[in-house]
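for reference, the sequence and a predicted model appear below.
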Amino acid sequence: MSVGLDLGIQQFRSLRRQGERLIARSCPPVYAVVLDNPARRALFHDRGVPFAQFGKDLILFGDTADEWATRLRVSTIPLYVNGRLHFDDAVIRQVTSALIEGLLPVPDGGQTECCLTLPGTMLNRDDSAVTYLSQVVRQFGYQPRFSSASLAVALSELSPWGVNGIGLHLGELRCGLSIVRHGRELMQWEFARGLASPGDESATDQRLRELFATAAFELNRRPEWKALPMPVALAISGEGLTDPALAEHVASCVQHASWPFALGAARIATEPAWTVSRGCLIQAELEQLTTLARSAA
């Protein structure tokens, strides 16, 4: 069994294959804290509401937190702070583990691979985050593999071009790009700018032009793109593109950047919310096939 897991800022999402079908799960990365008392515990047990105990409080998470926060007149709390998950916080660790458990199906007994994105950034990777998330994924019966969001975009969208080209992930708070040749990431780079709150239409257009100009400038400094077939295919996705109007701006603005190569197809993901989890699933399946081939050799 293989699973793609996208720990995004807006949603945690998982995707797996069941026969010819794709099975998707998602939940918001939020939690709520309520005071523990016998009446509240009885209410949650009667309604089948999952919760965790932390000191003198009860913690609700994901969709449950969204649903019950209004009823109990408390606020939901985002897991991400300034675009990062701080795993030195015991509550963050507990909630993250509970949400991942809900997104991963029970393993079927065969080889299991889970490819997931690292929250925040792939650059200067936080070893404590890698260690903790690896432990969580293994705890639920899966072998963890980590991917950049931009590599996942390329794996998901560039198959018509032999998975050769550049994957560009436009996040709310940061963007990343990967140069990918035959499905292998030659280079990955991120910059701390995103599409959050772009403002009116003219501001949106300006923000996109700046993001593509920054990406083109960085690629001018990178020789890895010279290994790609010409003209270069570009795949674009990210949380910021769930608005169809914004996707139309992307199609126009991408053509105005000073790319250091002849730009071929510029493919904009049709389901940007699920692009990264789909790319992670593809990578997990490739890892599984590679492991099986090695075992048979």
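Now that the structure is in, tell me what you want to look at. Numbers count the residues shown, from 1 in each chain.

domains of this protein?
30-78, 150-274 (automatic domain parsing).

could you single out the most deeply buried of those?
Ranked by mean neighbour count under mean count of other C-beta atoms under 10 Å, those are led by domain 150-274, which reaches a mean of 19. Placement of C-beta: from N, CA and C, glycine included.

and it, average pLDDT?
Domain 150-274 shows an average pLDDT of 89 in the prediction.

first to last residue in it, what's the distance?
With C-alpha to C-alpha, to the nearest Å as the measure, domain 150-274 spans 13 Å from end to end.

and that domain, how far from the chain's centre?
Centroid separation for domain 150-274 versus its chain: 15 Å, with C-alpha atoms, centre = their mean, to the nearest Å.

wait, Leu177 sits on Phe217?
No: between Leu177 and Phe217 there is no contact under C-beta atoms under 8 Å: 11.4 Å.

could you dump the domains of the chain to JSON lines with distance to Gly109?
Listed next are those as JSON lines, based on distance: least, C-beta to C-beta, whole Å:
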{"stretch": "domain 30-78", "distance to Gly109": "25"}
{"stretch": "domain 150-274", "distance to Gly109": "27"}
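
how about those domains, which one is nearest Val130?
Closest of the domains of the chain to Val130 is domain 150-274, at 15.2 Å (criterion: C-beta to C-beta).

of the domains of the chain, which is nearest Glu113?
Closest approach to Glu113 among those is made by domain 150-274 (13.9 Å; C-beta to C-beta).

mind listing what the nearest residue in space to Ala262 that is not next to it in sequence touches?
Leaving aside its sequence neighbours, Ala262 sits nearest to Pro231 (C-beta to C-beta, 6 or more residues apart in numbering; 3.9 Å). Contact analysis of Pro231 by C-beta atoms under 8 Å, 6 or more residues apart in numbering lists 261-264.

still on that earlier bit, nearest to Leu22, of the domains of the chain?
Comparing those by C-beta to C-beta, domain 150-274 comes nearest, at 8.7 Å.

not counting sequence-adjacent ones, nearest residue to Gly165?
Ala233 is the one closest to Gly165 (C-beta to C-beta, 6+ apart), at 3.5 Å.

for that neighbour, pull up the helix or strand it's in.
Secondary structure from DSSP states H and E places Ala233 in strand 232-237.

mind giving me the packing neighbours of that strand?
helix 149-157, strand 165-170, strand 263-268, helix 272-296 (3 or more C-beta pairs under 8 Å, 6 or more residues apart in numbering; DSSP states H and E).

which strands and helices sit next to the third one?
When you say that, I think you mean strand 263-268. strand 232-237, helix 244-253.

make JSON lines out of those and add distance to Tyr142.
Shown next, in JSON lines, are the helices and strands packed on strand 263-268 (distance: least, C-beta to C-beta, whole Å):
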{"stretch": "strand 232-237", "distance to Tyr142": "24"}
{"stretch": "helix 244-253", "distance to Tyr142": "33"}
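
nearest to Arg181, out of the ones you listed?
strand 232-237 (10.8 Å).

the residue lying closest to Gly8 once chain neighbours are set aside and Val95, how far apart?
Once flanking residues are discounted, Gly8 sits nearest to Glu239: 6.0 Å by C-beta to C-beta, 6+ apart. Distance, Glu239 to Val95, using C-beta to C-beta, to the nearest Å: 20 Å.

average pLDDT across stretch 107-124?
Here the average pLDDT along stretch 107-124 is 76.

now stretch 279-291
Stretch 279-291 carries an average pLDDT of 88.

list the buried residues for it?
279-288 (16 or more other C-beta atoms under 10 Å).

now the strands: where do they sit in the stretch 101-250 of the chain?
Remark: strands assigned in the stretch 101-250 of the chain by DSSP state E, counting those that start in this stretch are 113-117, 143-147, 165-170, 175-181, 184-191, 232-237.
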